[in-house]
Structure formats: C-alpha cells, structure tokens
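S.K.: let me see the structure of the following:
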Amino acid sequence: MKEHSKSYPPYLDLHPTMKVQGTVKLPGSKSISNRILLLAALAKGTTKVHELLASDDTLVMLNALHSLGVHWTQEDHTQNYTVVGTGGHFPHAHADLFMGNAGTAIRPLVAALAVLGGDYTVHGVPRMHERPIGDLVDALNAVGAQIDYTGNPGYPPLHIKRGHIHAQRMQVKGNVSSQFLTALLMAAPLAAKTSDIQIEVIGELISKPYIEITLNLMARFGVEVQRDGWQMFTIKMGQHYVSPAEIYVEGDASSASYFLAAGAIAGGPIRVEGVGKASIQGDVRFAEALEKMGARISMGDNWIEAQSNGALHAIDMDFNHIPDAAMTIAIAALYANGTTTLRNIESWRVKETDRIAAMAKELRKIGAVVEEGQDFMRVTPPERLQPATIDTYDDHRMAMCFSLATLDGVARQGAAMRINEPKCVAKTFPDFFEAFTKIKHEDLF
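M.R.: Numbering: from 1, shown residues only. Model prediction:
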C-alpha cells in the first residue's frame with residue numbers, strides 16, 4: 001500500500017496571532033475526488049483526472065481500485081492521474097479492501113460491488129466500524145444483494161457475495177447520511193440493464209448539496225438522473241458510464257471554510273482559490289453564513305475572499321445543508337457578540353467522531369459556554385479565550401477548526417493552543433498547518 005511520506009509531531013503549539021492576510025490555493029475536494037475515481041473506474045474509456053486531492057481518503061480509494069484490478073497511474077510530481085476504465089466490470093472478483101475511515105470511499109464502493117457481484121471483504125479503522133452503514137445495506141439486500149455483517153449488525157466490516165439485483169424500485173432512508181443515496185445513485189446504472197430503476201428516499205434527506213455533486217458528476221460521465229423533488233430519483237435503463245476524457249477536481253469548499261473564517265475573524269483579506277460562484281459544491285454557502293455574521297465577502301468564478309467588517313454577530317441558523325463546514329461556525333462563534341445556535345446538525349454524531357460531543361468538550365476547555373442537544377449546539381463565547389490543549393479524536397476537522405481559536409478578533413483575542421495528534425489533517429488536507437502558517441507569517445515546524 002502506498003503511504004504519504006509526510007511526518008507530523010505528536011502535538012503542535014500554536015501562538016496567538018493579531019492579523020491574517022493572503023491567498024490560499026485549496027487542495028482538491030475530497031467529495032469530488034473519490035466520486036470521480038469510482039466513476040472513472042466504472043466508465044468505458046480512459047480518464048485524465050487533474051488536481052486530485054492528495055490525502056489519506058483518496059489514497060484509500062486508489063488502493064481499493066488497484067486491489068480490484070483497475071489500472072491507474074500518477075504523473076510525476078503532480079496530482080494528475082490517468083484511470084483506465086473497466087466498462088462496468090472490475091477485473092478482480094475477489095478482494096480484501098481496507099477503507100480506512102473514508103465514508104466517501106466505502107459507501108459508494110460497497111454499492112457498486114454489491115451490484116456487480118463477487119466475493120469481497122470490506123473493513124476499516126475502528127471508528128469506521130462504529131459508523132452506520134445499515135440503511136445502505138438494507139436497501140441493497142432488499143433488492144437481491146448479498147451483504148453480510150461480520151461484526152456488529154448495521155456497521156462495517158462487511159462480506160459482499162454475489163447476489164442478483166432484481167427490483168425496479170429501491171428505498172433508502174435519508175436522515176442519517178446522504179452518502180447512502182449517493183452510493184445507490186452511482187451503482188444504479190450498473191443494475192438498470194433491462195428496466196428503469198427508481199430510488200425512493202424515505203423521510204427527510206439531509207445534506208442535499210452533496211447529492212447535487214453526485215448528480216453533476218454522473219452527468220459528466222454520461223448518465224442522467226431524473227429527479228422528482230428530493231424523494232424520487234429515476235435512472236433510465238441502458239445508460240452506461242463513459243469517460244469524459246479529462247476532468248478537473250475543484251478545490252475543497254469545506255477546507256476553504258477555515259481560511260474564510262480566519263479572514264472574517266482577524267482582518268484579512270483572505271482569498272481562497274479553487275472554488276467560487278461556479279462551484280458545484282454546496283459548502284461554498286458557508287460564505288453566506290459568515291456574511292450573516294457580519295463578514296465582508298466577495299466572490300469570483302473560481303475564488304472567494306473574506307475580511308473582517310468589525311465584530312462578528314451571533315446567528316441562529318439551520319446547517320443541515322453544510323454540516324462539515326458548519327463546524328467552523330462553532331469556532332467563529334467564539335468571536336461573535338452573543339450566543340450562536342447551530343441547528344439540524346445531528347449528522348455530526350456519526351462522522352469521524354461524535355462531533356457534537358467533541359466540539360462541546362473542547363470549546364468548554366477554552367472557556368465557552370456550550371449547550372448541546374441531539375441535533376443542535378449553542379455557543380456563548382467567554383470574555384477571554386483560555387489557552388488549552390485540544391484533543392482531536394483522529395478527526396481532521398477538529399484540528400483545523402481549533403487552530404482558528406488562536407486568532408485575535410475585534411471582539412476578543414485568541415489564545416495559545418496545543419493541537420494534539422495534528423497528523424489527523426492528512427485525511428483531507430496534509431499541508432493545512434503550512435498553509436495556515438503562511439497567512440499568519442510564522443514558523444511551525
């Protein structure tokens with residue numbers, strides 16, 4: 001298995017910073033990268049993928065595809081890859097697949113393997129075995145797949161055997177993770193050989209912008225999905241994935257949130273390059289939340305810029321549409337006047353860690369008053385932020401979020417932070433701390 005060569009210290013000490021300014025070129029989007037890799041592998045033809053994210057999660061998908069017999073190569077000293085499509089049939093019908101803690105990799109791949117059939121074992125790190133996958137497995141088994149749990153029912157690890165997808169209609173719950181619907185959508189054309197397939201969403205569908213990413217990328221690979229609101233999706237029979245020849249990965253909009261928030265808190269301007277008005281990612285709407293808090297936002301087709309416009313204001317907002325980027329709002333709330341309420345964020349509880357519990361615990365360390373519920377969080381900043389040692393729970397977003405608590409804002413000054421296990425950022429943004437250093441003009445390692 002290939003591994004990233006970058007090494008990290010066991011902890012990182014960050015010092016208070018008065019002002020930030022600069023431009024950050026974003027790494028590729030994790031959500032887009034892993035979707036493109038699977039679609040390119042399933043497509044007919046060869047795909048040149050430009051600016052693929054270099055991270056643990058994309059490495060997991062690349063290695064899994066290699067184990068399945070998919071041929072891919074990387075250009076020297078670039079993040080450009082060439083993937084030779086299989087035309088919808090993985091060469092290796094038997095494989096043992098390690099999926100790390102990559103939800104964007106395991107869920108769509110499980111659906112594709114269940115439809116194509118074979119003999120596959122799928123497993124990950126201990127936290128992955130605590131992240132639910134039952135709604136997806138139930139939806140697939142109900143229409144003829146053969147997926148067994150080899151650990152706790154409802155969770156990986158899994159054993160996928162050769163089944164036979166026979167139904168013209170599938171149902172999946174939408175309230176735990178949108179990745180379950182994404183997985184079924186991406187796998188459906190493989191099963192829609194002799195009849196159309198309809199996928200019905202039961203209950204509320206969360207994180208809708210991520211489904212829009214899925215539909216957009218499927219269309220780029222030649223498969224159109226008919227949508228009736230957010231409850232019914234129809235894949236017409238006889239469609240096949242066909243390579244677009246080349247495709248570019250947008251910068252990661254979730255990663256943009258940390259730098260945009262830094263500009264909103266500590267002066268700026270901070271410009272992020274790689275996402276903008278033309279983005280297919282819903283997380284660019286994070287900028288709207290910052291604007292509601294009082295930041296000054298400007299935007300081009302491929303860039304967004306944020307700067308402080310005085311003290312930030314507390315907001316009360318539903319963040320169901322951007323759950324990952326919403327974590328950054330909980331930190332921006334430390335610099336706001338009043339109590340900020342984040343609503344409809346229950347999906348945080350089944351991410352890389354229980355993010356509601358983890359954020360609440362670490363925010364209290366630095367003096368915030370936090371009220372947490374099953375699906376909401378209220379953050380009231382202290383008069384003065386307290387220095388703290390932040391535990392990261394092997395969750396990349398915890399490390400990146402709490403780095404922002406070192407910034408000096410209009411309302412209050414940042415404090416020294418020790419970030420434990422900073423290596424967790426390798427999941428999506430291996431060079432995060434270097435990029436953060438550049439806008440602060442300080443040395444870290």
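S.K.: now do the SS call for Met327.
M.R.: helix (DSSP: H, G, I helix; E, B strand; the rest coil).
S.K.: residues contacting it?
M.R.: Contact partners of Met327, counting by CB atoms under 8 Å, 6 or more residues apart in numbering, are Ser257, Trp348, Arg355, Met359, Arg397, Met398, Cys401. C-beta here means a position set from N, CA and C on the backbone, and glycine is covered the same way.
S.K.: let's see that with 6 Å instead.
M.R.: Residues in contact with Met327 (CB atoms under 6 Å, 6 or more residues apart in numbering) are Arg397, Cys401.
S.K.: same deal with Val20?
M.R.: Here Val20 is in contact with Ala262, Ala266, Ile439, Lys440 (criterion: CB under 6 Å, 6+ apart).
S.K.: next up, phi/psi of the nearest residue to the last one once chain neighbours are set aside, please.
M.R.: Residue nearest to Lys440 in three dimensions, not counting chain neighbours: Thr17, with 4.6 Å by CB to CB, 6 or more residues apart in numbering. The phi and psi values for Thr17, taken as degrees, to the nearest 10, are phi -130, psi 130.
S.K.: ok, Thr17 touching Lys438?
M.R.: No - using CB atoms under 6 Å, Thr17 makes no contact with Lys438, being 11.9 Å away.
S.K.: which of the two has more neighbours?
M.R.: The neighbour count for Thr17 versus Lys438, taken as other CB atoms under 10 Å, is higher for Thr17 (22 against 15).
S.K.: contacts for the helix or strand where Ala64 lies, please.
M.R.: In the assignment (DSSP states H and E), Ala64 maps to helix 56-67. By CB under 6 Å, 6+ apart, the residues outside helix 56-67 that reach it are 1, 30, 33-34, 37, 41, 95, 97, 99-100, 102, 105, 426-427.
S.K.: so which of the contacts of Val20 is the most crowded?
M.R.: Top of the contacts of Val20 by neighbour count (other CB under 10 Å): Ala262, with 31 neighbours.
S.K.: how about the contacts made by Arg285?
M.R.: Arg285 makes contacts with Ile322, as judged by CB under 6 Å, 6+ apart.
S.K.: check the spacing between it and Gly300 real quick.
M.R.: 16 Å (CB to CB, to the nearest Å).
S.K.: then Ile315?
M.R.: 25 Å.
S.K.: who has more neighbours, these two?
M.R.: Between Ile315 and Gly300, counting by other CB under 10 Å, Ile315 is the more crowded of the two (19 against 12).
S.K.: let me know the pLDDT of the closest residue to the more buried one other than its chain neighbours.
M.R.: Spatial nearest neighbour of Ile315, excluding adjacent residues (CB to CB, 6+ apart): Lys292 at 5.1 Å. At Lys292, the model reports a pLDDT of 98.
S.K.: burial count for Lys292?
M.R.: 15.
S.K.: buried residues in stretch 373-389, which are they?
M.R.: Of the residues in stretch 373-389, Phe376, Met377, Arg378, Val379, Thr380, Pro381, Leu385, Pro387, Ala388 count as buried by neighbour count, 16 or more other CB atoms under 10 Å.
S.K.: just the helices in the chain please.
M.R.: 30-42, 56-67, 103-116, 134-141, 178-191, 208-220, 253-265, 286-292, 323-332, 355-365, 396-403, 432-440 (DSSP state H).
S.K.: any idea how far His66 is from Ala54?
M.R.: 16 Å.
S.K.: same deal with Val115?
M.R.: 30 Å.
S.K.: more crowded one of those two?
M.R.: Taking neighbours as other CB under 10 Å, Val115 and Ala54 compare with Val115 leading, 24 against 20.
S.K.: verify the stated contact: the more buried one with Met186.
M.R.: No - using CB under 6 Å, Val115 makes no contact with Met186, being 9.8 Å away.
S.K.: how about TSV for the helices of the chain, with distance to Val122 added?
M.R.: What follows is those, written out as TSV (distance: least, CB to CB, whole Å):
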stretch	distance to Val122
helix 30-42	14
helix 56-67	9
helix 103-116	6
helix 134-141	11
helix 178-191	12
helix 208-220	20
helix 253-265	25
helix 286-292	32
helix 323-332	23
helix 355-365	24
helix 396-403	22
helix 432-440	29
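S.K.: check those helices for me and report the most buried one.
M.R.: Highest mean neighbour count of the helices of the chain: helix 253-265, a mean of 30 (counted as mean count of other CB atoms under 10 Å).
S.K.: ok and that helix relative to helix 208-220, angle-wise?
M.R.: If you take axes from the mean of the first three to the mean of the last three CA atoms, to 10 degrees, helix 253-265 sits at 130 degrees to helix 208-220.
S.K.: hey, C-alpha coordinates of stretch 19-30 in CSV?
M.R.: The C-alpha trace of stretch 19-30 is given here as CSV (Å, rounded to 0.1, in the frame of the first residue of the first chain):
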residue,chain,number,x,y,z
LYS,A,19,-3.8,39.6,11.8
VAL,A,20,-4.0,37.3,8.8
GLN,A,21,-3.8,38.1,5.2
GLY,A,22,-3.0,36.3,1.9
THR,A,23,-4.1,33.8,-0.7
VAL,A,24,-4.6,30.0,-0.3
LYS,A,25,-4.7,27.6,-3.2
LEU,A,26,-7.1,24.9,-2.0
PRO,A,27,-6.4,21.2,-2.2
GLY,A,28,-8.9,19.2,-4.3
SER,A,29,-12.3,18.4,-3.0
LYS,A,30,-12.5,15.0,-1.1
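S.K.: mean confidence (pLDDT) on it, please.
M.R.: Mean predicted confidence for stretch 19-30 is 97.
S.K.: now do stretch 36-51
M.R.: According to the model, stretch 36-51 has a mean pLDDT of 98.
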